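In: one predicted model, sequence on top.
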Amino acid sequence: MTRLKIAIQKSGRLSDQSLELLENCGIQFARSKDKLFWYGRNLPVDLLLIRDDDIPRLLLDGVCDLGICGENVARECLLDRQRSEAELTPEVALGFGFCRLCLALPETVSFDAVSSLDGRRIATSYPALTQEYLRKHAVSAEIVELSGAVEIAPSMGTADAIVDLVSTGTTLRANQLREVALVMESQAVLYSGTRRLDDEAGKLRALLIKRIVGILQARDSKYVMMHAPKAAVDAIADILPGAESPTVLSLEGQPDKVAVHMLCTETVFWEHLEELKAMGATAILVLPVEKMLT
């Protein structure tokens, strides 16, 4: 049987959450001393811990079968290598690693439109995405490619503007820069690559994707239990967000009240509980959901 190969970021903002996600899928890894290759002990799955910008390349080259990286990294690789987006399939948006790729200028420089950057120098670690953005706006500018510390380029005199990742904006403010335009928004995504798998490995890939979807669904889901008037069950179901059909159980010695159990696939807020209370519900419990398959 072909062993499934999964690539994640070795270190950085996506590393810990990517690893936690895979371990929550039930994979037990034997960790190597160099921390670059981990062997799956209970499933035929191997983990490669590499640089984030190498992940889409290995997927495109058929070296790995699944990989977790930012949408910005995947898109940059596809543009750089002039490859079709169909060759890198986004399987699941993972809901972490949120950031945005932004155009930023020194705080003292005025900005009216992207066209004002015509003939200017723009520093970035994402030259392909930047070039695509400028082309869409019919702007001709010089791309200054940097592998790091992009935000200091204007103060060093090597660029007039930058295109860089922004999470909170703290780094921009620390370097007297301000965000003026959005290039793209990004989050961590599970991608599949081009390598053909045998039937067993294909089934395993599908199983892991299904488990990951279940984990993400469980993360935002809650199991709600309460005692409530029998006549209010339908109204209660309408109040709770993302609720499936309730389980209704009779209560000993209380013919007009029932126990109601409901799975809610969206966040349950205090306002929801207060509405339930106003409808006569008592003993309301909201419990986390650890795992879920639908």
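Out: That came in fine, so what should we check first? Numbering: from 1, shown residues only.
In: outside of the lengthiest helix in the chain, which residues touch it?
Out: Longest helix in the chain, counting residues (DSSP state H): helix 199-220. Residues outside helix 199-220 that contact it (CB atoms under 8 Å, 6 or more residues apart in numbering): 1-4, 21, 24-27, 43-45, 65-66, 91-92, 94-95, 190, 192, 197, 265-267, 289-294. Placement of C-beta: from N, CA and C, glycine included.
In: let's see it at 6 Å
Out: 1, 2, 4, 24, 25, 91, 92, 289, 291, 292, 293 (CB atoms under 6 Å, 6 or more residues apart in numbering).
In: give the buried residues for it.
Out: By neighbour count, with 16 or more other CB atoms under 10 Å as the criterion, the buried positions of helix 199-220 are 201, 204-205, 208-209, 211-218.
In: next, format those as TSV and append distance to residue 174.
Out: Shown next, in TSV, are these (distance: CB to CB, whole Å):
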residue	distance to residue 174
201	47
204	46
205	43
208	40
209	40
211	41
212	36
213	39
214	40
215	36
216	34
217	38
218	38
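In: now the helices for this structure?
Out: 15-24, 55-60, 71-80, 127-136, 153-156, 170-174, 199-220, 233-239, 270-278.
In: show me which positions of the first one end up buried.
Out: If you call a residue buried by 16+ other CB under 10 Å, then helix 15-24 has these buried ones: 15, 17, 18, 19, 21, 22, 24.
In: pick out the most distant pair among those.
Out: Farthest pair in those (CB to CB) is 15 and 24. Separation: 15.1 Å.
In: how is the protein carved up into domains?
Out: 4-96+188-218, 99-186, 221-288 (automatic domain parsing).
In: start and end of the second one, how far apart?
Out: I take that to be domain 99-186. Taking CA to CA, to the nearest Å, domain 99-186 runs 5 Å from one end to the other.
In: now render the domains of the chain as JSON lines, adding mean pLDDT.
Out: Below are the domains of the chain laid out as JSON lines (pLDDT from 0 to 100):
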{"stretch": "domain 4-96+188-218", "mean pLDDT": "92"}
{"stretch": "domain 99-186", "mean pLDDT": "94"}
{"stretch": "domain 221-288", "mean pLDDT": "92"}
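In: so residue 261 touches residue 248, yeah?
Out: No - using CB atoms under 6 Å as the test, residue 261 is too far from residue 248 to be in contact (8.1 Å).
In: who's in contact with stretch 269-278?
Out: Taking CB under 6 Å, 6+ apart as the rule, stretch 269-278 contacts 239, 284.
In: run the last query once more with 10 Å
Out: Contacts with stretch 269-278, where a contact means CB atoms under 10 Å, 6 or more residues apart in numbering, come from 222, 224, 226, 228, 232, 235-236, 238-241, 243, 260, 264, 266, 268, 281-282, 284-286.
In: quick check on the residues you listed: which are buried?
Out: 222, 224, 226, 228, 232, 236, 239-240, 243, 260, 264, 268, 281, 284, 286.
In: among those, which are in strands?
Out: 222, 224, 226, 228, 260, 264, 284, 286 (DSSP state E).
In: ok, the last one - contacts?
Out: With contact set as CB under 10 Å, 6+ apart, residue 286 has these partners: 222, 223, 224, 225, 226, 240, 264, 268, 269, 270, 272, 273.
In: what is the neighbour count of the nearest residue to residue 100 once chain neighbours are set aside?
Out: Among residues not flanking residue 100 along the chain, residue 185 sits closest, at 4.9 Å (CB to CB, 6 or more residues apart in numbering). Close neighbours of residue 185, defined as other CB atoms under 10 Å, add up to 12.
In: can you add distance to residue 126 and give the ones in strands among the buried ones among the contacts of stretch 269-278 back as CSV?
Out: Formatted as CSV, those follow (distance: CB to CB, whole Å):
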residue, distance to residue 126
222, 38
224, 44
226, 50
228, 54
260, 51
264, 39
284, 48
286, 42
